[in-house]
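Student: sequence? don't have it. structure:
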């Protein structure tokens, strides 16, 4: 029971961390990727939250069908792969797509 509680808390914290960790450096990230419009840089957060919402529609029925473990492991693998892709994104548009996938 304690392991389940710790895992659930860690997964919830990961979502908050994924949003909050980018906020201080959002201007520098956008500038380094060549995005000059400061308002458009905020789409990074919008892409993540939108992707997170769409993932619920996909993984909810999958977890009902296959149980919680397999979709959870698959989702975490996609999340880690998209996080690495975000770190090495060559353009702002690629960063937006990867943040959507990461959500």
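Tutor: In hand now; what should we look at? Please read all numbers here as calculations on a predicted model, not as lab measurements. Residues are numbered from 1 along each chain as shown.
Student: ok, now how distant is the residue of the chain most remote from its centre from residue 69?
Tutor: The C-alpha centroid of the chain is most remote from residue 1, which lies 27.2 Å away (C-alpha atoms, centre = their mean). Counting by C-beta to C-beta, to the nearest Å, the separation of residue 1 from residue 69 is 16 Å. Backbone N, C-alpha and C define where each C-beta goes, glycine included.
Student: same deal with residue 75?
Tutor: In this view, residue 75 and residue 69 are 11 Å apart by C-beta to C-beta.
Student: quick one, which of these two is more surrounded?
Tutor: Counted by other C-beta atoms under 10 Å, residue 75 and residue 69 do not tie: residue 75 has more neighbours, with 16 against 9.
Student: list the contacts for that one?
Tutor: 55, 59 (C-beta atoms under 8 Å, 6 or more residues apart in numbering).
Student: need the pLDDT of it.
Tutor: pLDDT recorded at residue 75 is 89.
Student: from residue 37, how far off is it?
Tutor: Here the criterion is C-beta to C-beta. By it, residue 75 lies 32 Å from residue 37.
Student: likewise for residue 73?
Tutor: For residue 73 relative to residue 37 (C-beta to C-beta), the value is 38 Å.
Student: check residue 17 too.
Tutor: Distance from residue 17 to residue 37, by C-beta to C-beta: 26 Å.
Student: please, which helix or strand holds residue 13?
Tutor: helix 2-20 (DSSP states H and E).
Student: list the helices and strands whichever helix or strand comes after that helix packs on?
Tutor: Beyond helix 2-20 in the direction of the C-terminus, DSSP H and E gives the next helix or strand as helix 26-32. Applying 3 or more C-beta pairs under 8 Å, 6 or more residues apart in numbering; DSSP states H and E, one finds that helix 26-32 contacts helix 43-66.
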